[in-house]
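*Asks:* just coords:
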């Protein structure tokens, strides 16, 4: 009997333990921590896992650098060509050109309408130094830009330049503009050609032969009329311009419109070379208005020539210098 009673007590203890476990489970369930039933997803655990997921950063878009001024110019002027299609003949100082200059602009082989050009043209000078002004023009629907110069107030033997119009002063752009630019002759001869003149050029080479005769012949060949030689060597040696002018005025009076005077000097003796003999001459001349004594023009020109014969090389140099000085006077004074 004692053994049986012990077994009952033990069973009761087991039952009490079971009841305690049951109560604890119920309590936990009430607080929302119940273990999910079989076959169901634990959404709470999944949400927590998702919240801990590390997202990879989205790559930034590549940064495209801003094109340089030169790159912009090249893009805007791709396959663009400028060409001068009409050039007026040479005119005379104080007389308008016979027709305008015309420039054609094509882009990809077709006329470029409304293309802006800058024209750089001569307006004045000091001796052989020329001063320019600029003007902007545009092409029409036919791709042609027209430039009509004003009446020239000076004589010139230079060029007019047509270039793309740009606002940038970037050195690369300036070079690109220069490479695309086109030029045309701008020739304006002196209006003194038919006013008559007197020439006195002192040569200081060892032979002492006169130089004026060669210059005189070249000027006559270029259309000068009523011109002749005079000898003002003594006055030229003084280096005083008014002294030379007064001597010419006393000789010619008011019969001529201009005086050309100056010097021609050798740049050393003839030099033996593989091709013969080389010789250089420098001419410095002044042109004065005979009515007022005002200086119309001044230039210094040097020529270097080579000839097989030593005895001949001086004359070859004098011919070359006379030709260059005559051209300078025609488009200079």
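*Replies:* Yep, it's here. Predicted model only: the values in this text are computed from it and were never measured.
*Asks:* Which residue is the nearest non-sequential neighbour of residue 249?
*Replies:* residue 290 (6.7 Å; C-beta to C-beta, 6 or more residues apart in numbering). The way it works is simple: take the backbone N, C-alpha and C, and place the C-beta from them, glycine included.
*Asks:* Pull the contacting residues for that neighbour.
*Replies:* Neighbouring residues of residue 290 by C-beta atoms under 8 Å, 6 or more residues apart in numbering: 197, 198, 245, 248, 249, 252, 254, 256, 257, 258, 259.
*Asks:* Ok, residue 332 next?
*Replies:* 127, 128, 155, 157, 190, 287, 297, 299.
*Asks:* filter the residues you listed to the buried ones?
*Replies:* 155, 157, 190, 287, 297, 299 (16 or more other C-beta atoms under 10 Å).
*Asks:* now those residues in CSV, with distance to residue 312, pLDDT and secondary structure?
*Replies:* Putting these into CSV (distance: C-beta to C-beta, whole Å; pLDDT from 0 to 100; DSSP: H, G, I helix; E, B strand; the rest coil) gives the following:
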residue, distance to residue 312, pLDDT, secondary structure
155, 34, 96, coil
157, 29, 96, strand
190, 33, 97, coil
287, 30, 98, strand
297, 31, 96, strand
299, 26, 97, strand
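*Asks:* among those, which two are most distant?
*Replies:* Using C-beta to C-beta, those span at most 14.7 Å, a distance reached by 157 and 287.
*Asks:* Residue 123 - how many residues pack around it?
*Replies:* By the measure other C-beta atoms under 10 Å, the count of residues near residue 123 is 14.
*Asks:* right, and the secondary structure at it would be what?
*Replies:* strand (DSSP: H, G, I helix; E, B strand; the rest coil).
*Asks:* Tell me which residues touch the nearest residue to it once chain neighbours are set aside, please.
*Replies:* Sequence neighbours aside, residue 133 is the residue nearest to residue 123 in space, at 4.8 Å (criterion: C-beta to C-beta, 6+ apart). Residue 133 makes contact with 120, 121, 123, according to C-beta under 8 Å, 6+ apart.
*Asks:* Just the closest of those residues to residue 178, please.
*Replies:* residue 120 (11.1 Å).
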